[in-house]
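[1] What follows is a predicted protein model with its sequence.
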Number of protein chains: 4
Amino acid sequence: MSQPLSGIIPPLVTPLRDRDTLDCAGLERLIEHLIGGGVSGLFILGTTGEGPSLSYRLRRELIDRTCKQTAGRVPVLVGITDTSFTESVNLAKHSADAGATHVVTAPPYYFPAAPPEMQEYIQDLVAEMPLPMFLYNMPGLTKVSFEIDLVRRALDMPGVCGVKDSSCDMIYFHRLIEVAKQRADWSVLVGPEELTAEAVLLGGHGGINGGANLNPKLYVEMYQAAAAQDLKRTRELHAQVMQLAGSIYTVGRHKSAIIKGIKCGLSLLGICEDHMAEPFQRFREPERAMIRERLVKLGLIS
Amino acid sequence: MSQPLSGIIPPLVTPLRDRDTLDCAGLERLIEHLIGGGVSGLFILGTTGEGPSLSYRLRRELIDRTCKQTAGRVPVLVGITDTSFTESVNLAKHSADAGATHVVTAPPYYFPAAPPEMQEYIQDLVAEMPLPMFLYNMPGLTKVSFEIDLVRRALDMPGVCGVKDSSCDMIYFHRLIEVAKQRADWSVLVGPEELTAEAVLLGGHGGINGGANLNPKLYVEMYQAAAAQDLKRTRELHAQVMQLAGSIYTVGRHKSAIIKGIKCGLSLLGICEDHMAEPFQRFREPERAMIRERLVKLGLIS
Amino acid sequence: MSQPLSGIIPPLVTPLRDRDTLDCAGLERLIEHLIGGGVSGLFILGTTGEGPSLSYRLRRELIDRTCKQTAGRVPVLVGITDTSFTESVNLAKHSADAGATHVVTAPPYYFPAAPPEMQEYIQDLVAEMPLPMFLYNMPGLTKVSFEIDLVRRALDMPGVCGVKDSSCDMIYFHRLIEVAKQRADWSVLVGPEELTAEAVLLGGHGGINGGANLNPKLYVEMYQAAAAQDLKRTRELHAQVMQLAGSIYTVGRHKSAIIKGIKCGLSLLGICEDHMAEPFQRFREPERAMIRERLVKLGLIS
Amino acid sequence: MSQPLSGIIPPLVTPLRDRDTLDCAGLERLIEHLIGGGVSGLFILGTTGEGPSLSYRLRRELIDRTCKQTAGRVPVLVGITDTSFTESVNLAKHSADAGATHVVTAPPYYFPAAPPEMQEYIQDLVAEMPLPMFLYNMPGLTKVSFEIDLVRRALDMPGVCGVKDSSCDMIYFHRLIEVAKQRADWSVLVGPEELTAEAVLLGGHGGINGGANLNPKLYVEMYQAAAAQDLKRTRELHAQVMQLAGSIYTVGRHKSAIIKGIKCGLSLLGICEDHMAEPFQRFREPERAMIRERLVKLGLIS
């Protein structure tokens, strides 16, 4: 039985040159930036990666190139969430063939499945998975949660290896940790970076935090301080994470502001292009100027 | 400039033999059942058709077979709603090549686009469409509405030909009708069958009603009575529609009960199989027995 | 067994001189304006009347003065909705003593009661009522609905005399009508004025429509046309109602825009003052100027 | 300038003999139980105290008796949240006269005020307050939040002394802490007990936790361990709090299960009666037996 994944596993943005063209050089730079920053793994095709907005062709290309560039240095997790069971299975098989190490699935996000329907869905899906699978709880975008009862039943599924929780509900997260204690190989990871400090202080395994795209070292250090139970240092680094999030994610007025801010920042850092897939568009110049100014304040560019 | 579509245009269930296999004979029987019932068009790959749950391969096969079987007798509308712009365009092109007459798109349903983002999305999408496009308002499943302002701006887009509204919000619907009066070729259609009578009495063009899969004649007659302003007859037929919906859609406890009920009913009528795509499963025997009993009471089977 | 209430029963705004002072002369003028306009009853202390925002002292004064001024010419309905059962009973007793004819209650709006809790609540409440009671369905503000099952059980409560539905959900409304057919004395009334035409065309008894404060004759005529099944005239008057609502309720940007618009309009018509109880404030001059302009366009002032 | 309140301040249940009769002896025992358990203050008429469900007469009696019994040993906070501004002011004045030390107000919970309306509401309300006022953020029941911008503006209001946050949103809570650093006398307290450990570890001042009614010592010790940055001990006690919440709050199926569980538990502990105000009813015997069993497992009764 393997060790649980732990640490910071950034949800990579997908560098794009246009709607359906990967920014391949940008992707390579991003991967090196993150591995160089000490991250414990890479998660592609999640929410921050605009997974559902990309064509299947581009998703497969992204999987291939990420696995090739990573070359086994850290685990590669692939988001296979889809409204079509068949397409999820197709992506999982492609991921395994390409050399990914884990798949990650949120509930299908068009029809909201009721708890017994979801239970059956996960059972059926995990049976088809060629790789260990994370449950990805993201009710804000998928409408439904993985209920604690479902997670408890998943303890009996060898193919499930943990949960990523992006619900922002720390009561739920604490219950997850209690449940997961019964599977020594399970990993419980938190999504929003503002919550990683407390998640790790109170027993979680790490964070899948979007801001780590911009400054992986900060997030890795915060994780390490929390894992070492160094509360004073954790609070200092948590304050820095709050500052990054509070300044970079509040430029746009819509919910898309977080991903737009990260992509715009990466472009300003010279790492990759900031084109976005519909229904979003990258920031125009006024917002870009604000992001630039804030990156300067954060000491990320001069 | 063409006439607006009007009348009953059923949103076809997708007859399945298993998760990824079309029930081809069932599809042919269903199409003949509906055209024989007097419907004004066929709408495939909508919500009732479990569009987002199907693989792309199967969606293309369904488009091809439906167009071939219909053979131009009535318009064929194809749902191309997708979280990926590129995949929507791919489906639209395939639809045009296969001989469909219209495409139908709801908002992308993973990321909720804010109004200005949605405006840009629709402008960009319609520019790529090879067929006239309906806007499909379905906030219960896509999280966001097409705001009236956006619909008003769409008046200037020759590629948009109307709106299908499944919001259940008749105030919104009445505003749509006001707006649509400025485009003689626009059609405003209502989703929930319980609302078709009043929609047509007060100026709408018809209904895209799931129950018409089971009993197309009833819905067509109700539409005709309402269009002829025969209020007495409209009320009688509306009461029958309420009875069908109230008995067939209330067997299951979850939101999936409507589609499950229709598919189960069609199977009992001998029209097609009732297999469903994940995350749903067809009714088991106890629910099936209840549907049978209710179809008997409705006079649809003996 | 009495006849069901039918027709237009406006939900009166509460004319205020300041936070806790009634505009008594304005109230008298408003009552005469409405009775003169042909309304079938008066409903005070509803949502439009800012009932929950008023002190109990002022609510009692309003009940007393309204009953005195009305002097039995039309029924007076009093909203007794409260989060405290005891205060609801107190208000109902005061209403009966003052000469009101009906009470109206929505679910308690702080704690959302689950269906069995609500069932018990209504049973207990109706047992204490000295007057016939309407159920007031208003889930947008009270969080929970009166489920159809509860309404069906209320058929056995002689103290319940009907339902006012402000859910904007016409499917629910049609189910209410079906249920209510079993009680010849029950009245099913609709809240939003945009829906009164179809509600009456398809079997409802009338409307409790805020806009009738401004132009009672228009709403009464629309009701009469619909009740007489004169579809052509109903459509004309419905279009006028849509125009009034679309112009007067869209000046402010918040949900309070409807009540603010009506009160401001009444002030411009010279009927009563437009002070509002917290958490709302009356429109300032720019919005007031817009309302004035729109009232001119509607032909309500010159 | 005073010190900020800190520590555990339980939101007292309201001991009732029936709908409108206080269990006076129970209230005295409850107060002694809590002060004996080391709490830093008492909060009456909050959500756990069923404040909005009680008559005004009973609320005043509760304020009087609580202040008298407490006799200045700890601060007494009184919930004055109301849909009527005037009634909130009345309750605040009564509280000051009776000897309470603070008032606590959530947004008015019938009409959802938009941010600028809320800003004006709080400014107007605080101007009338005879005691320092806490903002009580409880969007689950009041529909709207106190936005961070509003809290920032409240820094300039000397009459505001802090925030109680029951949103369950720890990102919001961390932002509150950042804002509150600018007012040395402000206290930021968290509602849900499952979140008190992390709230205090990362800079919060304490918790207003319902479970402290049952076992005040546990919550006080958890607070003290967290305030002392003893992470090991905090985690042990947090696990015990999770266990209490997970066992006592999950007996009923509805949202009322938390308050019902606490009241039932207090009755089994011999502290006070468990009658509830409508729309809730106390647990019947089967649920009571489950609560008894769970209290035994928790070691609270033998």
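    Nice, thanks for sending it over.

[2] got the contact list for the closest residue to chain C within chain A?
    Closest to chain C within chain A is residue A:253: 14.4 Å, counting by Cβ to the nearest Cβ. In this view, the C-beta of every residue, glycine as well, is placed from N, C-alpha and C. Residue A:253 is in contact with residue B:114, counting by Cβ atoms under 8 Å, 6 or more residues apart in numbering or on different chains.

[3] Could you show which parts of the stretch 201-302 of chain A are in contact with chain B?
    A:253-256, A:277-281 (Cβ under 8 Å from any Cβ of the partner chain).

[4] which of those lies closest to residue A:188?
    In terms of Cβ to Cβ, no member of those lies closer to residue A:188 than residue A:255, at 25.2 Å.

[5] neighbours of that closest one, just the number please.
    Per other Cβ atoms under 10 Å in any protein chain shown, the neighbour tally for residue A:255 reads 16.

[6] I figured it hits residue B:114, correct?
    Yes: between residue A:255 and residue B:114 there is a contact under Cβ atoms under 8 Å: 7.1 Å.

[7] In chain A, mark out all the helices, start to finish.
    Assigned by DSSP state H, chain A shows helices spanning A:24-36, A:56-70, A:85-98, A:115-127, A:139-142, A:148-154, A:170-180, A:196-201, A:216-227, A:231-248, A:257-268, A:285-297.

[8] related to what we said a few turns ago, with pLDDT and distance to residue D:217 as added columns, please give the residues of the stretch 201-302 of chain A next to chain B in CSV.
    Formatted as CSV, those follow (pLDDT from 0 to 100; distance: Cβ to Cβ, whole Å):
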residue, pLDDT, distance to residue D:217
A:253, 85, 47
A:254, 89, 47
A:255, 87, 43
A:256, 93, 48
A:277, 98, 55
A:278, 97, 57
A:279, 97, 53
A:280, 97, 52
A:281, 96, 56
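
[9] just the buried members of the residues you listed?
    A:255-256, A:277-281 (16 or more other Cβ atoms under 10 Å in any protein chain shown).

[10] can you list the residues you listed in CSV and add distance to residue D:228?
    As requested, those are exported to CSV (distance: Cβ to Cβ, whole Å):
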residue, distance to residue D:228
A:255, 39
A:256, 42
A:277, 49
A:278, 52
A:279, 49
A:280, 46
A:281, 50
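
[11] Near residue A:290, how many residues? Count them for me, please.
    So residue A:290, with other Cβ under 10 Å, has 18 neighbours.

[12] and the stretch 101-250 of chain A, which residues reach chain D?
    Neighbours of chain D within the stretch 101-250 of chain A, by Cβ under 8 Å from any Cβ: A:168-171, A:174-175, A:178, A:192, A:194-195, A:197-198, A:201-203, A:229, A:231-232, A:235, A:238-239, A:242, A:246.

[13] switch the cut-off to 10 Å
    A:148, A:167-175, A:177-178, A:192-195, A:197-199, A:201-203, A:226, A:229-232, A:234-235, A:238-239, A:241-243, A:245-246 (Cβ under 10 Å from any Cβ of the partner chain).

[14] Now compare the residues of the stretch 201-302 of chain A next to chain B and name the two farthest from each other.
    Using Cβ to Cβ, these span at most 19.9 Å, a distance reached by A:253 and A:277.

[15] Give the residue spans of the stretch 201-302 of chain A that score low on pLDDT.
    Along the stretch 201-302 of chain A, no part satisfies pLDDT under 70.

[16] show me the contacts for the closest residue to chain D within the stretch 51-200 of chain A.
    Of all residues in the stretch 51-200 of chain A, residue A:198 sits closest to chain D, at 3.7 Å by Cβ to the nearest Cβ. Counting by Cβ atoms under 10 Å, 6 or more residues apart in numbering or on different chains, residue A:198 makes contact with A:170, A:173-174, A:190, A:204, A:226, A:234, A:238, D:170, D:173-174, D:195, D:197-199, D:201-202.

[17] out of the residues of the stretch 101-250 of chain A next to chain D, which are buried?
    Here, 16+ other Cβ under 10 Å leaves A:167-175, A:177-178, A:192-195, A:197-199, A:201-203, A:226, A:231, A:234-235, A:238-239, A:241-242, A:245-246 buried among these.

[18] roughly how far is stretch A:140-153 from the heart of the chain?
    Centroid separation between stretch A:140-153 and its chain, computed with Cα atoms, centre = their mean, to the nearest Å, is 17 Å.

[19] any bit of that stretch sitting next to chain B?
    Yes: residues of stretch A:140-153 are located near chain B by Cβ under 10 Å from any Cβ, namely A:140-144.

[20] Put the buried members of those residues into a ChimeraX selection.
    To isolate the buried ones among the residues of stretch A:140-153 next to chain B in ChimeraX, judged by 16+ other Cβ under 10 Å, type:
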select /A:141,142,143,144
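
[21] any chance of the residues of stretch A:140-153 next to chain B in TSV, plus pLDDT?
    Below are the residues of stretch A:140-153 next to chain B laid out as TSV (pLDDT from 0 to 100):
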residue	pLDDT
A:140	96
A:141	97
A:142	97
A:143	96
A:144	97
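
[22] got a markdown table for the residues of stretch A:140-153 next to chain B, with distance to residue A:60 too?
    Listed next are those as a markdown table, based on distance: Cβ to Cβ, whole Å:
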| residue | distance to residue A:60 |
| --- | --- |
| A:140 | 27 |
| A:141 | 23 |
| A:142 | 23 |
| A:143 | 27 |
| A:144 | 28 |
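
[23] Closest one to residue C:9 out of the residues of stretch A:140-153 next to chain B, please.
    residue A:143 (38.4 Å).

[24] what about the residue nearest to that closest one when sequence neighbours are not counted, how many neighbours?
    With Cβ to Cβ, 6 or more residues apart in numbering or on different chains as the criterion, residue A:143 has its nearest non-adjacent residue at 4.3 Å, and that residue is residue A:112. Around residue A:112 there are 19 other residues, counting by other Cβ under 10 Å.
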